[in-house]
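A.B. asks: Sharing a model prediction with you, sequence too.
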Amino acid sequence: MADPAKNFTDMFKSLGEQFKVPAFDMAKLMESHQKNLEAMTKSWQAMTGGASAVATKQREIFEAAMKDMAEVAQAYKPGGSPQDAMAKQAEFAKKAMEAVMANTRDIAELVQKSSTEAFKIVQDRMKESYQEIQTSVDKKS
């Protein structure tokens, strides 16, 4: 039985000869595509790591919020003066707002870090690929 891959390759070879397409190194092409796939894998790993870090941070935020709520509930003493109750509520609101600001900043930094890392991996591979193409073209000239 004939090898379908060989027939396919032969078909493209004869087509290339008909149209006088310059020959190219299939091994180099496959190596380049392998590097592209590896770069994309690393990029996705960076994004996945970032998503995992964000999920961990969100869990920490939730646990801290539950702890704070439990502390507020335990500290609540009915019958106190309205001024004391307002002061405690204001203190809790201030603490909660500061936590929200800090947590939002932390999450934004995590997302930015993983996105930047993932983009850099792809960008570096694109530069490397361009250099490979340039070298290949220069050799043929």
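C.D. replies: On my side now, so go ahead. On a predicted model such as this, the values are computed, not experimentally measured, just so you know.

A.B. asks: Can you tell me the closest non-neighbouring residue to the spatially most central residue of the chain?
C.D. replies: In the chain, the residue lying closest to the centroid (Cα atoms, centre = their mean) is residue 47, at 2.1 Å. The spatially closest residue to residue 47, leaving aside those adjacent along the chain, is residue 118, at 4.8 Å (Cβ to Cβ, 6 or more residues apart in numbering). Where you see a C-beta, it was placed from the backbone N, CA and C, and this is true even at glycine.

A.B. asks: Just the element for the one you found, please.
C.D. replies: helix 82-140 (DSSP states H and E).

A.B. asks: need the next SSE after the helix or strand bottoming out on mean pLDDT in the chain, C-terminal direction.
C.D. replies: Ranked by mean pLDDT, DSSP states H and E, the helix or strand of the chain with the weakest confidence is helix 4-18, at a mean of 73. Going down the chain from helix 4-18, the next helix or strand is helix 26-75, by DSSP H and E.

A.B. asks: got the angle for that following helix vs helix 4-18?
C.D. replies: Taking axes from the mean of the first three to the mean of the last three Cα atoms, to 10 degrees, one finds that helix 26-75 is oriented at 120 degrees with respect to helix 4-18.

A.B. asks: Show me what helix 26-75 is packed up against.
C.D. replies: helix 82-140 (3 or more Cβ pairs under 8 Å, 6 or more residues apart in numbering; DSSP states H and E).

A.B. asks: now the helix it packs on against helix 26-75, angle please.
C.D. replies: Here helix 82-140 runs at an angle of 180 degrees relative to helix 26-75 (the same axes, to 10 degrees).
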